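Participant: show me the folded form of this:
(2 chains)
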There are 2 protein chains.
Amino acid sequence: MIPAEFSLIARHFRPLAGEGSLDLSDDAAVVTPPAGRELVISADAMVQGVHFLPDDRADLVARKLIRTNVSDLAAMGAVPWAYLVTVSTPRSTEDAWFAGFAAGLAMDQAEFGLSLLGGDTTSTPGPISLSLTILGHVAPGMAIRRNGARDGDGIWVSGTIGDGAVGLLAALGQFPDPDGFLADRYRLPRPRLGLARFGLVRACMDVSDGLVQDLGHICRASGVAAALQADLVPRSPQAAGAELALCLSGGDDYELLVAVASDQEAAFQAHAATLRLAVTRVGQFHAGEPHVTVRNKEGNSISLAHTGWSHFS
Amino acid sequence: MIPAEFSLIARHFRPLAGEGSLDLSDDAAVVTPPAGRELVISADAMVQGVHFLPDDRADLVARKLIRTNVSDLAAMGAVPWAYLVTVSTPRSTEDAWFAGFAAGLAMDQAEFGLSLLGGDTTSTPGPISLSLTILGHVAPGMAIRRNGARDGDGIWVSGTIGDGAVGLLAALGQFPDPDGFLADRYRLPRPRLGLARFGLVRACMDVSDGLVQDLGHICRASGVAAALQADLVPRSPQAAGAELALCLSGGDDYELLVAVASDQEAAFQAHAATLRLAVTRVGQFHAGEPHVTVRNKEGNSISLAHTGWSHFS
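Facilitator: Residues are numbered from 1 along each chain as shown, chains lettered A, B, ... in the order given. So this is what the prediction gives:
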């Protein structure tokens, strides 16, 4: 008799398995990396009740897990290739949850050109705990780092900022969301693949822990300071009524935060237009100790109680 | 101010980061795969209270996490290269736990020639949940699969079988363990790197979920049946007093289970001797529907209530 754990893998995960996965029936996958490319690798964990709501649909949880990782590849200017996923669930988890989770993986691995290489399913006495390792590739030397921002570069963001954090409130019923736009933005990030192109941008990261905090990461990596103009930060009409501070410091945006040299701004905007992505200049990097200054429309410095999300305080 | 989460990563994990990890300060690692080799990739999760005991030392937990993954590479005949780790812990977790965990990673990444490429630290309201993705490499076409066992091949195991399961009992104070040997075997697997060599063995996997169940996996992958002689299964003197059924079906051995063609048995034994590894022939594969028969010394078939560990029943 095949134990339930392996039958579960066979039913739900094997159909997702790609070349080199050995049908998930060996100890490991065996793959040939794309020729002449560097590998770009990242891993993210997601925990029920921390990164997603306890009753979020399993397919959306799976897609968020893939997309937060794809967003890391997007920030590096990499092309998605493959992934491994570990899934720890209570023993009481119903088969329908796994079916939904696998359906979500299937949908988004097709969307982003990924294939499943392997993973693990285990039980847990706690909340559902997930981890995904993503592999992408990039032309040698053309990965985009956080350390390339220079004095005078513009600070740019894709899309709108704050929808993730306000979307969490909306999903909890604590913020009006008549058309469901905000909750959807919390549950289903849109990785901005293709926007960060080597040569066109100097530094990039994805906004996952709050714009101001993440901007601080670029400042420290690049050895520059940043002046952020709060009134320029693009917000969706749906989130316009939310507190500015929440939008600037809330997590889960998964937009890209980009440093663009002033003589590249037109080219960068043209490139974004070809992807039909809105991009907005929200400030400027300048020489100085790594530090983020947030200014309002009148040019006065704003102080934020929290600059972003931290799991440990 | 740098948030606590990033300070924690900087203090404990950055010192472990290897080439291509970008000091763990970018969205992803960028690495050049070993030239002319295939990548071998696997991921395993471990949950506190399921895969390790709630008060197990953090350094041993880290080393077990690395070693269960290295064991998968050993089964494939691969050479360890790099890893990513995700760590979800309660917010109350003390800094000393992270220091111990990182010390364990440091010790075993040196032991096995690994470097840290990336990962994630998050909070969880539940038990500590860990996941590790390991990358190794192998000469093209020379990964060892589970599907190569053939009629007449010998069934071989490395080391002694059952120590992991009996060791768990010992660690719980439910089995005598005067010298601590058994609990140590539960807490600190010994991956058998180098034993599974392409050309010398036909199929291999590591014994992680119980010998009989894992033997069934090889049978299904290879399309053969297996006759296991229970009295030949090597047991440590310390576990000799334990129930035979527990040793045959308990998990956490992390020994290798190998199919060896009869004309390769002498060469296989000589190879094991150069590694100073004990190997024992415990039965034979034969033609037939995939199935494991366990026989006692008298040749009678033994029926086991459970053949191995499953997270979901």
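
Participant: any idea which helix or strand carries the residue of chain A found nearest chain B?
Facilitator: Per C-beta to the nearest C-beta, A:Gly126 is where chain A lies closest to chain B, at 2.1 Å. Placement of C-beta: from N, CA and C, glycine included. Using DSSP states H and E, A:Gly126 sits within no helix or strand.

Participant: doesn't B:Gly126 make contact with it?
Facilitator: Yes - applying C-beta atoms under 8 Å as the test, A:Gly126 and B:Gly126 come out as touching, 2.1 Å apart.

Participant: check contacts around the residue of chain A closest to chain B.
Facilitator: Contact analysis of A:Gly126 by C-beta atoms under 8 Å, 6 or more residues apart in numbering or on different chains lists A:Pro90, B:Val47, B:Thr124, B:Pro125, B:Gly126, B:Pro127, B:Ser129.

Participant: so for the second one, what's the nearest residue that isn't a sequence neighbour?
Facilitator: Closest residue to B:Val47 in three dimensions, ignoring its sequence neighbours and counting by C-beta to C-beta, 6 or more residues apart in numbering or on different chains: A:Thr124, at 4.5 Å.

Participant: ok, now the fourth one?
Facilitator: Spatially, and ignoring its direct neighbours in sequence, B:Pro125 is nearest to A:Gly49 (5.6 Å; C-beta to C-beta, 6+ apart).

Participant: list the backbone torsions phi and psi for that neighbour.
Facilitator: The phi and psi values for A:Gly49, taken as degrees, to the nearest 10, are phi 90, psi -10.

Participant: repeat for the one 5 residues further on
Facilitator: The phi/psi pair for A:Pro54 (degrees, to the nearest 10) reads phi -50, psi -30.

Participant: residues in contact with it?
Facilitator: A:Gln48, A:Pro127.

Participant: any idea how far it is from A:Gly250?
Facilitator: Computed as C-beta to C-beta, to the nearest Å, the A:Pro54 to A:Gly250 distance reads 20 Å.

Participant: same question, A:Ala102
Facilitator: From A:Ala102 to A:Gly250 the distance is 30 Å (C-beta to C-beta).

Participant: and what of A:Gly136?
Facilitator: A:Gly136 is 27 Å from A:Gly250, by C-beta to C-beta.

Participant: which helices and strands does the helix or strand where A:Trp81 lies pack with?
Facilitator: Element membership for A:Trp81 (DSSP H and E) is strand A:79-89. With contacts taken as 3 or more C-beta pairs under 8 Å, 6 or more residues apart in numbering or on different chains; DSSP states H and E, strand A:79-89 sits against helix A:58-76, helix A:95-112, strand A:115-123, strand A:129-138, strand B:38-47, strand B:129-138.

Participant: ok, 7 Å please
Facilitator: Strand A:79-89 sits against helix A:58-76, strand A:115-123, strand A:129-138, strand B:38-47, strand B:129-138, with contacts defined as 3 or more C-beta pairs under 7 Å, 6 or more residues apart in numbering or on different chains; DSSP states H and E.

Participant: turn these into TSV, including mean neighbour count, mean pLDDT and distance to B:Ala225.
Facilitator: What follows is those, written out as TSV (neighbours: other C-beta atoms under 10 Å in any protein chain shown; pLDDT from 0 to 100; distance: least, C-beta to C-beta, whole Å):
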stretch	mean neighbour count	mean pLDDT	distance to B:Ala225
helix A:58-76	26	98	38
strand A:115-123	23	94	27
strand A:129-138	28	98	36
strand B:38-47	26	97	27
strand B:129-138	28	98	29
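
Participant: got CSV for these, with distance to B:Ala106 too?
Facilitator: Shown next, in CSV, are the helices and strands packed on strand A:79-89 (distance: least, C-beta to C-beta, whole Å):
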stretch, distance to B:Ala106
helix A:58-76, 25
strand A:115-123, 24
strand A:129-138, 21
strand B:38-47, 18
strand B:129-138, 14
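
Participant: nearest to A:Ser158, out of those?
Facilitator: Set against A:Ser158 and scored by C-beta to C-beta, these come closest in helix A:58-76, at 9.3 Å.

Participant: helices and strands around the closest one, which ones?
Facilitator: strand A:38-47, strand A:79-89, helix A:95-112, strand A:129-138, strand A:203-207.

Participant: how about the helices in the stretch 201-313 of chain A?
Facilitator: A:211-222, A:244-249, A:265-274 (DSSP state H, counting those that start in this stretch).

Participant: pick the most buried one from the ones you listed.
Facilitator: Of all the helices of the stretch 201-313 of chain A, helix A:211-222 has the most neighbours on average by mean count of other C-beta atoms under 10 Å in any protein chain shown, namely a mean of 24.

Participant: that one packs against which elements?
Facilitator: Helix A:211-222 sits against strand A:203-207, strand A:225-229, helix A:244-249, strand A:255-260, strand A:291-295, with contacts defined as 3+ C-beta pairs under 7 Å, 6+ apart.

Participant: I'd like the ones you listed as CSV, with mean pLDDT and distance to B:Phe112 appended.
Facilitator: Converted to CSV, these look like this (pLDDT from 0 to 100; distance: least, C-beta to C-beta, whole Å):
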stretch, mean pLDDT, distance to B:Phe112
strand A:203-207, 97, 31
strand A:225-229, 97, 41
helix A:244-249, 94, 41
strand A:255-260, 98, 36
strand A:291-295, 94, 41
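
Participant: okay, those in TSV with distance to A:Ala183 next?
Facilitator: As requested, the helices and strands packed on helix A:211-222 are exported to TSV (distance: least, C-beta to C-beta, whole Å):
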stretch	distance to A:Ala183
strand A:203-207	19
strand A:225-229	27
helix A:244-249	15
strand A:255-260	17
strand A:291-295	27
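
Participant: quick one: end-to-end length of stretch A:270-283, please.
Facilitator: For stretch A:270-283, the first and last residues are 19 Å from each other (C-alpha to C-alpha, to the nearest Å).

Participant: show me the contact partners of it.
Facilitator: A:154-159, A:192, A:194-195, A:197, A:200, A:226-229, A:232-234, A:268-269 (C-beta atoms under 7 Å, 6 or more residues apart in numbering or on different chains).

Participant: could you flag which of the residues you listed are buried?
Facilitator: A:154-159, A:192, A:195, A:197, A:200, A:226-229, A:233-234, A:268 (16 or more other C-beta atoms under 10 Å in any protein chain shown).

Participant: and chain B, which of these reach it?
Facilitator: Among those, no residue sits close to chain B (C-beta under 7 Å from any C-beta of the partner chain).

Participant: ok, the nearest residue to A:Leu130 once chain neighbours are set aside - contacts?
Facilitator: Spatial nearest neighbour of A:Leu130, excluding adjacent residues (C-beta to C-beta, 6+ apart): A:Met46 at 4.6 Å. By C-beta under 7 Å, 6+ apart, the contact list for A:Met46 reads A:Phe52, A:Lys64, A:Leu65, A:Leu130.

Participant: also A:Leu257?
Facilitator: A:Leu257 is in contact with A:Val157, A:Cys204, A:Met205, A:Val207, A:Leu211, A:Asp214, A:Leu215, A:Ile218, counting by C-beta under 7 Å, 6+ apart.

Participant: A:Ala74 versus that one, what's the distance?
Facilitator: Taken as C-beta to C-beta, the span from A:Leu257 to A:Ala74 is 11 Å.

Participant: before we move on, what about A:Leu228?
Facilitator: Distance, A:Leu228 to A:Ala74, using C-beta to C-beta: 21 Å.

Participant: then A:Ser129?
Facilitator: Taken as C-beta to C-beta, the span from A:Ser129 to A:Ala74 is 25 Å.

Participant: what does A:Gln109 give?
Facilitator: A:Gln109 is 16 Å from A:Ala74, by C-beta to C-beta.

Participant: state the three-state secondary structure for A:Ala196.
Facilitator: Recorded secondary structure, A:Ala196: coil (DSSP: H, G, I helix; E, B strand; the rest coil).

Participant: which residues touch it?
Facilitator: A:Ala196 neighbours (C-beta under 7 Å, 6+ apart): A:Ala74, A:Ala75, A:Gly77, A:Ile144, A:Cys204, A:Leu256, A:Val258.

Participant: buried subset of those residues, written for PyMOL?
Facilitator: A single PyMOL command selects the buried members of those (16+ other C-beta under 10 Å):
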select buried, chain A and resi 74+75+77+144+204+256+258
